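Quick one: sequence and predicted model below, then my questions.
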Amino acid sequence: MNELLVDRRDDGVVVLTLNRPDLRNAMTDGMTEQWRRTVAGLRGDRDVRCVVVTGAGNAFSSGGDLSWLADRNAESVPDLRDRMLGFYRTWLSIADLEVPTIAAVNGAAVGAGLCFALACDLVYAAHDAKLLVPFTALGLHPGMAATYLLPRAAGVGVAREMLLTGRTLLGAEAASAGLVTRAFPREALLGEVMEIAARTAANAPVATRLTKIALSGGGHADLEAALRWESLAQPVTMASDDMREGLAAQRERRAPRFGNS
Ligand SMILES: C/C=C/C(=O)SCCNC(=O)CCNC(=O)[C@H](O)C(C)(C)COP(=O)(O)OP(=O)(O)OC[C@H]1O[C@@H](n2cnc3c(N)ncnc32)[C@H](O)[C@@H]1OP(=O)(O)O
C-alpha cells in the first residue's frame, strides 16, 4: 500500500498526503520509511517552492502506531532509544527543508501526529479538528519533541495543560491559543491552504529561503544578531535578478516571474 501520496504541481507546490485512513494515518513503520525517502528526494530540489502535508480521510494523523507500541515490551531501553531517535528525526526532517512547509490539519492530530504538524512553518486546522497529546494517559513520556514544540508554539501554560492533563483543543481554540496559525471550516480548509501555498510558492525563491532561515533562528537571536543577519541577507537579495523582476512587476502591475535559483 502506498502510505504516502505525493502530488507535484506545476506551480512548485508539492502536496504530501499521509495515507492510512483506516488507522487514521498512524505513523506506521512503512509510512515512516516512505516519508524518509520522499523528504530526501525533495531536499535540494530547486523546482520545489512549498510543501503541504495533510491526511487522507477524516484525520490528519493519530500519531504513533498503537499496535507497534503494544509490541515493544521485550526490547531494551538502549535499542528503543536508537529507534525512537530515528523515528523522531525522520518525521521532524520536514523542518530541515529550505522551502516553506504548511500543515493542513484536516482532522484529528494526536501525539506524534500533532508534533509533526507543529514542525511545519505554517499550521492551518479545520475548526473541528481534535488536537491532543495524550502521552501520559498511555503511560508514556512525551516524544517527537512535544516538550519543545508545544511551548514554543503556544507558550508554557497551554503546553502544560495539554501535556499534563491531556486536554483536547479544537482547531478554532488552538488558533486562539496560538498553537496553530489559523483555523478554517473543514470543507474550506484544503482550498484555503492551496491558495496560501500557491501565493507562497510564487514569491522570490532565494528571498523566501533566506527569510525561513532567519525566522528559524530569529526567535532566539538578540537584536544585534538579527541586524547582522539582515544586513548580509538583504544585500544578497538586492543584488539579485529577482529583486529587479519584483520591482518591475510592481511598477507594471503584473505578477512577477521569478527565476529558479
Ligand atoms: C511514539 C508516539 C506516541 C504517540 O504518538 S502517543 C499518541 C498515540 N495516538 C493515540 O492515542 C490516538 C488514538 N486514536 C484516537 O484517539 C482516534 O482514533 C482518533 C481521534 C484519531 C480518530 O477517531 P475516530 O475517527 O473515531 O476513529 P477510531 O474509530 O477511534 O479509529 C479507527 C481505526 O483506527 C485505529 N487507530 C486509531 N488511531 C490509531 C493509532 N494511533 N495506531 C493504530 N491504530 C489506530 C483504531 O484502532 C480503529 O481501528 P479499527 O477500525 O480496526 O477498530
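It's in. The model shown is predicted, which means the values in this text are computed figures rather than measured ones.

what's the span of stretch 24-33, first residue to last?
End-to-end distance of stretch 24-33: 18 Å, with Cα to Cα, to the nearest Å as the criterion.

should've said stretch 215-223
End-to-end distance of stretch 215-223: 13 Å, with Cα to Cα as the criterion.

So for stretch 211-228, what gets flagged as buried?
Neighbour-count burial for stretch 211-228, counted by 16 or more other Cβ atoms under 10 Å, picks out residue 211. Backbone N, C-alpha and C define where each C-beta goes, glycine included.

can you give me the mean pLDDT across that stretch?
In this model, stretch 211-228 has a mean pLDDT of 83.

count of residues packed around the nearest residue to residue 9 once chain neighbours are set aside?
Nearest residue to residue 9 in three dimensions, chain neighbours excluded: residue 15, at 7.1 Å (Cβ to Cβ, 6 or more residues apart in numbering). Neighbour count for residue 15, taken as other Cβ atoms under 10 Å: 20.

What are the boundaries of the strands in this structure?
4-8, 13-18, 50-55, 59-61, 101-105, 108-110, 122-126, 130-132, 169-170, 182-184 (DSSP state E).

and among those strands, the most buried is which?
The highest average neighbour count among the strands of the chain, using mean count of other Cβ atoms under 10 Å, belongs to strand 59-61 at a mean of 29.

Using TSV, lay out the strands of the chain together with mean pLDDT.
TSV is the format used below for those (pLDDT from 0 to 100):
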stretch	mean pLDDT
strand 4-8	98
strand 13-18	98
strand 50-55	98
strand 59-61	98
strand 101-105	98
strand 108-110	98
strand 122-126	98
strand 130-132	98
strand 169-170	98
strand 182-184	98
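
Show me the shaky parts of the chain.
Along the chain, segments meeting pLDDT under 70 span 218-220, 260-261.

Which residues of it lie near the ligand?
Proximity of the chain to the ligand, by Cβ under 6 Å from any ligand atom, involves residues 23-24, 26, 58-59, 62-67, 108, 110-112, 130, 134-135, 138, 143.

Now residue 2: phi and psi?
Residue 2 adopts backbone torsions of phi -80, psi 100, taken as degrees, to the nearest 10.

neighbours around it, how many?
As a burial measure, residue 2 scores 11 neighbours (other Cβ under 10 Å).

Ok, the one 10 residues further on next?
Residue 12 has 22 neighbours, counted by other Cβ under 10 Å.

what are the ranges of the helices in the stretch 101-250 of the chain?
For the stretch 101-250 of the chain, applying DSSP state H, counting those that start in this stretch gives helices covering 112-118, 146-154, 156-160, 171-177, 186-201, 205-218, 223-238, 241-251.

and among those helices, the most buried is which?
Per residue and on average, the most neighbours among the helices of the stretch 101-250 of the chain fall to helix 112-118, with a mean of 28 (mean count of other Cβ under 10 Å).

quick check, distance from that helix to the centre of its chain.
When C-alpha coordinates are averaged (Cα atoms, centre = their mean, to the nearest Å), helix 112-118 and its chain have centres 8 Å apart.

Show me what it is packed up against.
Under the contact criterion of 3 or more Cβ pairs under 8 Å, 6 or more residues apart in numbering; DSSP states H and E, helix 112-118 touches strand 59-61, helix 77-92, strand 101-105, helix 146-154.

next one: the last one to chain centre, how far?
Once both centres are worked out by Cα atoms, centre = their mean, helix 146-154 turns out to sit 13 Å from its chain's centre.

if we can go back for a sec, and of the strands of the chain, who's closest to residue 215?
Closest to residue 215 of those, according to Cβ to Cβ: strand 122-126, at 11.0 Å.

How about the contacts made by residue 168?
Going by Cβ atoms under 8 Å, 6 or more residues apart in numbering, residue 168 touches 130, 131, 132.

Bridged to the second one, which residues?
Same thing as residue 131. Residues in a beta bridge with residue 131, per DSSP bridges, are residue 109, residue 169.

can you pull the contacts of it?
By Cβ under 8 Å, 6+ apart, the contact list for residue 131 reads 105, 108-110, 114, 125, 168-171, 174, 179-180.

circling back to that earlier point, redo the helices and strands packed on helix 112-118 as CSV? Include distance to residue 247.
CSV is the format used below for the helices and strands packed on helix 112-118 (distance: least, Cβ to Cβ, whole Å):
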stretch, distance to residue 247
strand 59-61, 40
helix 77-92, 37
strand 101-105, 27
helix 146-154, 35
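
Having no further points to raise, I will conclude here.
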